[in-house]
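1. pasting the structure only:
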Ligand code: ATP
């Protein structure tokens, strides 16, 4: 095999809780991760030059070691003493710096791709051990599907898949820095925490209504006062018959859940009136 094409899917958080700030600056989290059908494409090709090279359809993204894809391939090349090179073409669709773990998912795909392309025979666990050195969400992106993520996001437990539904993803045209959000989170002033255990039970029962009534993300306490557009989009989705709506990760992407495809598409259409929403898609959960 000298050529491989991989899809790297984005995620949403059905629940996101932050438990404590560790002395090393990382945060302990408890999150429900759900992969969704919005994906980037990675094309990886073996080359005779002894180096990693990449290009990307988004000119503002780095294509050197600042890109997680490049870093993943270079790390694998060095670790397993691969003497030939690899050329990677990354086609981005997942909104960038948006709370959908796009970079982590691309990184996970690059690790899997190197494993297959160069016949390294690494297990999923071994890939996760390498992945966590590149980013806390990378192990989850290697797993995919529905999972409870604890620790700094790397301790994973498989949970029941999300029942069939339609998810409207809406990305306002603002950038939110993850570091800013965590830095400004007032953990001791949080009045409530998401019902993560209740969410796991609703997933088990395939209770979409119960899931939608438990959507909660403590990071909204930072982003919504700072960026009121996030609340406006949530309200817009609820007004257009979403069963629930929430910001994903550290934002600013918002998702709305619909049981019916037609209603989801009508809500998508209605977003055209919101000039501040720059990217929007209707997708389904991916297992
Ligand atoms: P998370 O949900 O894990 O917080 P995110 O959606 O907020 O992730 P990403 O889209 O993964 O953020 O990217 C954040 C930053 O990482 C970008 O500003 C970009 O410069 C850098 N980056 C490195 N590699 C990639 C990549 N392959 N795709 C997107 N961004 C990348």
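-> Good, I have the coordinates. Everything numeric in this text was worked out from a predicted model, so none of it was measured. Residues are numbered from 1 along each chain as shown.

2. how about the residues of the protein near the ligand?
-> Applying C-beta under 6 Å from any ligand atom, we find that the chain lies next to the ligand at 61, 67-69, 96-104, 106, 137, 178, 249-250. For glycine as for every other residue, the C-beta is placed from the backbone atoms N, C-alpha and C.

3. Mind listing the residues bridging to residue 3?
-> Per DSSP bridges, the residues bridged to residue 3 are residue 45.

4. so how far is stretch 228-237 off the chain centroid?
-> Mean-position distance between stretch 228-237 and its chain equals 20 Å (C-alpha atoms, centre = their mean, to the nearest Å).

5. got it, and stretch 124-134?
-> 17 Å.

6. average model confidence for it?
-> Stretch 124-134 shows a mean pLDDT of 97.

7. just stretch 273-287 next, same as before
-> For stretch 273-287, mean pLDDT is 95.

8. quick check, residue 75 in a helix?
-> Yes. Counting by DSSP: H, G, I helix; E, B strand; the rest coil, residue 75 is part of a helix.

9. ok, back up a step: counting neighbours, which of the residues of the chain next to the ligand end up buried?
-> Among the residues of the chain next to the ligand, those classed as buried by 16 or more other C-beta atoms under 10 Å are 61, 67-69, 97-104, 106, 137, 249-250.

10. quick check: domain ranges of this protein?
-> Listed domain ranges for the chain are 3-158, 166-283 (source: automatic domain parsing).

11. Span of the longest one from start to end?
-> Looking back up the chat, that one is domain 3-158. This stretch, domain 3-158, spans 31 Å end to end (C-alpha to C-alpha, to the nearest Å).

12. Mind checking what secondary structure whatever residue of the stretch 101-250 of the chain ends up closest to the ligand has?
-> Among the residues of the stretch 101-250 of the chain, residue 103 lies closest to the ligand, at 2.6 Å counting by C-beta to the nearest ligand atom. For residue 103, the reduced secondary structure class is helix; criterion used: three-state DSSP.

13. For the residue nearest to it when sequence neighbours are not counted, which residues are in contact?
-> Here the nearest residue to residue 103 in space, its sequence neighbours aside, is residue 68; by C-beta to C-beta, 6 or more residues apart in numbering that works out to 4.7 Å. With contact set as C-beta atoms under 8 Å, 6 or more residues apart in numbering, residue 68 has these partners: 103-104, 106-107, 110, 134-135, 138.

14. Using a markdown table, lay out those residues together with secondary structure.
-> Conversion of these to a markdown table gives the following (three-state DSSP):
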| residue | secondary structure |
| --- | --- |
| 103 | helix |
| 104 | helix |
| 106 | helix |
| 107 | helix |
| 110 | helix |
| 134 | coil |
| 135 | coil |
| 138 | helix |
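
15. how close does residue 283 sit to the ligand?
-> With distances defined as C-beta to the nearest ligand atom, to the nearest Å, the gap from residue 283 to the ligand amounts to 15 Å.

16. That residue: what's it in contact with?
-> Contacts were defined as C-beta under 8 Å, 6+ apart; by that measure residue 283 touches 36-38, 166-167, 169.

17. For those, work out which two are farthest apart.
-> Taking every pair in the contacts of residue 283 and measuring C-beta to C-beta, the maximum separation is 12.4 Å, between 38 and 166.

18. out of those two, which sits in the busier spot?
-> When neighbours are counted by other C-beta atoms under 10 Å, residue 38 comes out ahead of the other of residue 38 and residue 166, with 24 against 21.

19. For the helix or strand harbouring that one, give the mean pLDDT please.
-> Using DSSP states H and E, residue 38 sits within strand 27-47. For strand 27-47, the per-residue pLDDT values average out at 98.

20. That one - contacts with which helices or strands?
-> Taking 3 or more C-beta pairs under 8 Å, 6 or more residues apart in numbering; DSSP states H and E as contact, the helices and strands that strand 27-47 lies on are strand 3-21, strand 85-91, helix 102-117, strand 146-150, strand 166-172, helix 196-205, strand 277-283.

21. What are the contacting residues of the helix or strand just after the fourth one?
-> Going down the chain from strand 146-150, the next helix or strand is strand 155-158, by DSSP H and E. Taking C-beta under 8 Å, 6+ apart as the criterion, the residues outside strand 155-158 that touch it are 128, 139-140, 143, 145-150.

22. partner strands of strand 155-158, parallel or antiparallel?
-> Using DSSP bridges, the neighbouring strands of strand 155-158 in the sheet come out as strand 146-150 (antiparallel).
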